[in-house]
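>>> Starting from these lines, generate the structure:
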Amino acid sequence: MAVIVRAGAAPMWWPGLVAAAIGALVPGLTGRRIGLLAGAALFLVTMAVVALSRGGRYAALARDATRAGRTDFLQDRAVTVRDWRRGHRWWLLGAFLAAVASAFAAPGAGGLLLAGAGAGLWAKAVRIGQRERRDDVLYWVRTDRVGRGRPAGKQVEAYRTTGPAAGDAAPGGARRSR
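Just a heads-up that it's a prediction; the model follows:
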């Protein structure tokens, strides 16, 4: 489940930083200093909002998690990341283009906003990983319930658990070290 959360972190973080760097080159309507300071504030606020949003829903689903059965289909980490990124590629491209275009009004602000969303997703995945380590399990969402990459959406009724050695993902959604 943390893999789904973490899947969006890098495609938001790196394009956000690139858009902020491009934006820093453009003087913009507000000027570079004000644009970058506003972007830094947006980065912090966005990171906090994304990292803390739906925390209660994640905790409730984790509390009610059941052991994965033989009939549960649990996806590989690489397949989950690929599916999430393919499903959101146009949204990510649009967000990048909007962040670059916003540089003409406030240089760097849009890019730092996008990077803040990526950092918030990464922080959320780290927090989920801490819970997985504490509970000594890995949380999974059944692939037929995940629907459009939402690990805590309305379709998700409960998480499934496996031991921490199952699958190819470490707690928090990172790649398992070999």
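>>> Any regions of the protein where pLDDT drops low?
Within the chain, the stretches with pLDDT under 70 are 147-149, 167, 178.
>>> Any idea how far the lengthiest helix in it is from the middle of the chain?
The longest helix of the chain (DSSP state H) is helix 109-135. Relative to the mean C-alpha coordinate of its chain, helix 109-135 is positioned 6 Å out (Cα atoms, centre = their mean, to the nearest Å).
>>> Check the offset of the helix or strand following that helix from the chain's centre.
Using DSSP states H and E, the helix or strand that follows helix 109-135 in sequence is strand 138-140. Chain-centre distance of strand 138-140: 16 Å, with Cα atoms, centre = their mean.
>>> For strand 138-140, name the packing helices and strands.
Other helices and strands packing on strand 138-140, by 3 or more Cβ pairs under 8 Å, 6 or more residues apart in numbering; DSSP states H and E, are helix 109-135, strand 160-162. For every residue, glycine as well, the C-beta is placed using N, CA and C.
>>> out of these, which comes closest to Ala78?
Ala78 sits nearest to helix 109-135 of all the helices and strands packed on strand 138-140, at 16.0 Å, using Cβ to Cβ.
>>> helices or strands next to that closest one in the packing?
Packing partners of helix 109-135 (3+ Cβ pairs under 8 Å, 6+ apart): helix 2-7, helix 9-25, helix 32-52, helix 55-63, helix 89-101, strand 138-140.
>>> export these to TSV and tack on mean neighbour count and distance to Thr71?
Listed next are the helices and strands packed on helix 109-135 as TSV, based on neighbours: other Cβ atoms under 10 Å; distance: least, Cβ to Cβ, whole Å:
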stretch	mean neighbour count	distance to Thr71
helix 2-7	26	21
helix 9-25	20	31
helix 32-52	18	34
helix 55-63	15	20
helix 89-101	15	32
strand 138-140	26	13
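>>> hang on, isn't Ala109 packed against Gly31?
No - judged on Cβ atoms under 8 Å, Ala109 makes no contact with Gly31 at a distance of 11.5 Å.
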